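Just need the structure, nothing else, for what follows:
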Amino acid sequence: MRKLYKDYKPDVQFILVYVREAHAIDGSRPNSRVQIEDPVSDFERQEVASSCIANLKLPMTTVVDGVDDKVGTAYQGLPDRLYLIGKDGKIAYAGGRGPRGFQPEELEDSIIEELNKIWKSGKKAKATKTKRNKQTDAKGK
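Here you go, the predicted structure:
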């Protein structure tokens, strides 16, 4: 995701939505590496999210879902999921549920498709896959 962010940030607005903690120690799927309790207030969730963002050094804009989990529920965002919203405001790509459904390569294909729609009559060059994916494609053939 960092590579996609770096490559496409001039043309794509990336927003990470921090949803409910997947592995809180008092949750249904605790993880010994994650030593946080499930927040009971929006303020607590904001603090946990801020810590996560800082520890992972996430470069993109991040918004935090409330403890009511409205966004996470509406977009089935737990544990993680990729979406692309087109210029028209409609969902252009909805990835599968993570971790198996977390496919940045598919997201990149959709980004390219959406950018090419926008640039079709414009002056910008046609968008193509990044060097990383070109190398992956060459190895796969």
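
what's the residue nearest to Gln76 when sequence neighbours are not counted sitting at in phi/psi?
Residue nearest to Gln76 in three dimensions, not counting chain neighbours: Arg97, with 6.3 Å by CB to CB, 6 or more residues apart in numbering. (C-beta placed from N, C-alpha, C; glycine too.) Dihedral pair for Arg97: phi -70, psi 140, per degrees, to the nearest 10.

just checking, Arg97 touches Tyr75?
No - counting by CB atoms under 8 Å, Arg97 does not reach Tyr75; the two are 10.3 Å apart.

Of all residues in this protein, which one is nearest the centre?
Most central in the chain under CA atoms, centre = their mean is Leu82, positioned 4.6 Å from the mean C-alpha point.

In contact with Gly96, which residues?
81, 102-103 (CB atoms under 8 Å, 6 or more residues apart in numbering).

quick one: it and Phe102, what's the gap?
8 Å (CB to CB, to the nearest Å).

per-residue confidence for the nearest residue in space to Asp26 that is not next to it in sequence?
Spatially, and ignoring its direct neighbours in sequence, Asp26 is nearest to Glu37 (5.0 Å; CB to CB, 6+ apart). The score at Glu37 is 82. That number is its pLDDT.

Tell me the spacing between Glu37 and Asp65.
17 Å.

These two: who's more crowded?
The residue with more neighbours, out of Glu37 and Asp65, is Asp65; 21 against 12, by other CB atoms under 10 Å.

mind checking how far the more buried one is from Leu78?
From Asp65 to Leu78 the distance is 10 Å (CB to CB).
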